[in-house]
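Novice: 3D, please:
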Amino acid sequence: QVHVLESGGGSVPAGGSQRLSCLVSGGTFNTYTMAWFRQAPGKEREFVAYILWHGHSTKYADSVKGRFTISKDNDKTTAYLQMSSLKPEDTAVYFCAASRFGGLESEKEYDYWGQGTQVTVSS
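Specialist: Below is the predicted model:
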């Protein structure tokens with residue numbers, strides 16, 4: 001059974017940085033595409049970033065491009081989301097997801113999900 005566990009959320013002032021971690025256990029992490037999604041209060045969950053299984057290709061939502069960086073460490077079976085220049089509109093619950101078959105920007109392409117971690121950016 002595959003488990004996905006996010007950590008690293010919290011409160012941060014606007015302009016600050018935060019790193020989220022996503023530990024995956026029980027599966028074959030080095031074959032998974034990993035992604036981050038987020039859901040702000042009163043809004044639908046949205047795509048943030050993904051990294052393909054081999055780690056050499058990434059994609060970002062326009063709203064975070066140039067500020068966020070996704071990475072994965074196969075030895076630690078962990079994915080990361082480094083966030084910088086944070087804005088109040090980045091406030092959301094951030095979800096980590098894993099895809100067995102090369103998922104991209106659609107939630108439907110992801111097989112395993114974490115419970116989410118709250119990030120709150122204060123102005």
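
Novice: and the residue nearest the centre of the chain, what does it touch?
Specialist: Nearest to the mean C-alpha position of the chain, counting by CA atoms, centre = their mean, stands W36 at 2.4 Å. W36 is in contact with 20, 22, 48-50, 70, 79, 81, 94-97, counting by CB atoms under 8 Å, 6 or more residues apart in numbering. To be clear about C-beta, it is placed using only N, CA and C from the backbone, and glycine gets the same treatment.

Novice: excluding its backbone neighbours, what's nearest it?
Specialist: V48 (4.3 Å; CB to CB, 6 or more residues apart in numbering).

Novice: you'd agree Q115 is in a strand?
Specialist: No - using DSSP: H, G, I helix; E, B strand; the rest coil, the assignment for Q115 is coil, not a strand.

Novice: How about the residue nearest to the centre of the chain: which residues does it bridge to?
Specialist: Taking DSSP bridges as the rule, W36 bridges to A49, C96.

Novice: Tell me the spacing between it and S123.
Specialist: Distance, W36 to S123, using CB to CB, to the nearest Å: 23 Å.

Novice: which residues does K72 contact?
Specialist: Here K72 is in contact with 29, 34, 51, 55, 78-80 (CB under 8 Å, 6+ apart).

Novice: could you redo those as a markdown table and give each row pLDDT?
Specialist: A markdown table is the format used below for the contacts of K72 (pLDDT from 0 to 100):
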| residue | pLDDT |
| --- | --- |
| F29 | 96 |
| M34 | 97 |
| I51 | 97 |
| G55 | 88 |
| T78 | 98 |
| A79 | 98 |
| Y80 | 98 |
